[in-house]
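A.B. asks: structure for this input, please:
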Amino acid sequence: MLALTPVPLQTAGERALFAELTRWDRGGTVRGAVVASIPVVDGPMERRVSDAVLFVPEGLAVVRIVEVVRQSGVVTAAPEGSWTIGPGAGPGEVLQLAGGGSSPLDGLMRAGMDAAVRLRRAGLEPGRIARLTVLVGDLTGLVPADGDLGEGDQVALLEPRSLLLGIARAARYAGVDNPRLWTTADVRAALTALGLPGRGPSVEELNGEGFPYSPYVLRKRELLAPAAMAASPALGAPAAVP
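C.D. replies: Numbers count the residues shown, from 1 in each chain. Alright, predicted model coming up:
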């Protein structure tokens, strides 16, 4: 796992997640992937809609790291409506996320659409973009237990097993109809297109995370297999919507 934090992290949730990821071994010993801190804001109030982007060889996901403060217990997440929290599984009080709201899914959808537009402008076809929410706080459980809300939305708690499961399910969703794995050149070009400041990861670092080596960007739209072209959204349409 390669964690990239080119600028100082702003929230306690971000610092907690990246501290956890940097404890994991580099390379594929735990999980081959790249997580880069690239915040995306929306609206005149510049509200965070995503905090990072996750690349795995199968595809990518936008990531929202949300803190739960002054509440504890089991979080019940749903694909629609407010999320809740209580002492056990079942209905509880409305979840209050730091920064406002009780569900991050609408913002993550907008972040996925923004990432798709940026990548396509750079000549990269992202395919299906997954959405991963990481909950940070005094939380004792999650419903559903596997964090899978369907249609590419995954939820995880800040602990290794839950995070690994969320990443694995995001990779599975992003890999559907994907004609080839993301290469080292693809990832470097994509991180530049998404606005990662600085040099970015080296070819050797990405190769060590399981991305096949290529000196050329291969994920240009015109190079997609016909079946994947038919399954992917039209140019300019939100890639996050299957």
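A.B. asks: assign L135 to helix, strand or coil.
C.D. replies: At L135 the chain is in strand, as set by DSSP: H, G, I helix; E, B strand; the rest coil.
A.B. asks: how close does the residue in the chain sticking out farthest from the centre get to E20?
C.D. replies: Here the chain reaches farthest from its C-alpha mean at P87, the gap being 28.2 Å by CA atoms, centre = their mean. Going from P87 to E20 by CB to CB, to the nearest Å gives 26 Å. Where you see a C-beta, it was placed from the backbone N, CA and C, and this is true even at glycine.
A.B. asks: V143 too?
C.D. replies: Distance, V143 to E20, using CB to CB: 22 Å.
A.B. asks: same question, E159
C.D. replies: Distance, E159 to E20, by CB to CB: 8 Å.
A.B. asks: and those two? Which one has more around it.
C.D. replies: With neighbours defined as other CB atoms under 10 Å, E159 and E20 compare such that E20 has more, 17 against 10.
A.B. asks: would you verify that that one is located in a helix?
C.D. replies: Yes. Counting by three-state DSSP, E20 is located in a helix.
A.B. asks: what's the longest strand in this protein?
C.D. replies: Determined from DSSP state E, the single longest strand within the chain is strand 59-76.
A.B. asks: would you mind writing the CA trace of it as CSV?
C.D. replies: What follows is strand 59-76, C-alpha atoms only, in CSV (Å, rounded to 0.1, in the frame of the first residue of the first chain):
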residue,chain,number,x,y,z
GLY,A,59,-9.5,0.5,-11.5
LEU,A,60,-10.1,3.4,-9.1
ALA,A,61,-12.3,4.8,-6.4
VAL,A,62,-12.9,8.2,-4.9
VAL,A,63,-12.6,8.2,-1.1
ARG,A,64,-14.4,10.2,1.6
ILE,A,65,-13.0,10.2,5.1
VAL,A,66,-15.7,11.3,7.6
GLU,A,67,-15.4,11.8,11.3
VAL,A,68,-18.2,10.9,13.7
VAL,A,69,-18.0,13.1,16.8
ARG,A,70,-20.0,13.1,20.0
GLN,A,71,-21.7,9.9,18.9
SER,A,72,-20.8,6.3,19.4
GLY,A,73,-22.1,2.8,18.6
VAL,A,74,-23.1,0.9,15.5
VAL,A,75,-23.6,2.8,12.2
THR,A,76,-26.4,1.7,9.9
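A.B. asks: buried sites along that strand?
C.D. replies: By neighbour count on 16 or more other CB atoms under 10 Å, the buried set for strand 59-76 is 59-68, 71, 73-76.
A.B. asks: after that strand, next one along is what?
C.D. replies: Proceeding N to C from strand 59-76, the next assigned helix or strand is strand 84-86, under DSSP states H and E.
A.B. asks: and the helix or strand following that next one, what does it pack onto?
C.D. replies: As assigned by DSSP H and E, the chain's next helix or strand after strand 84-86 is strand 93-94. Other helices and strands packing on strand 93-94, by 3 or more CB pairs under 8 Å, 6 or more residues apart in numbering; DSSP states H and E, are strand 84-86.
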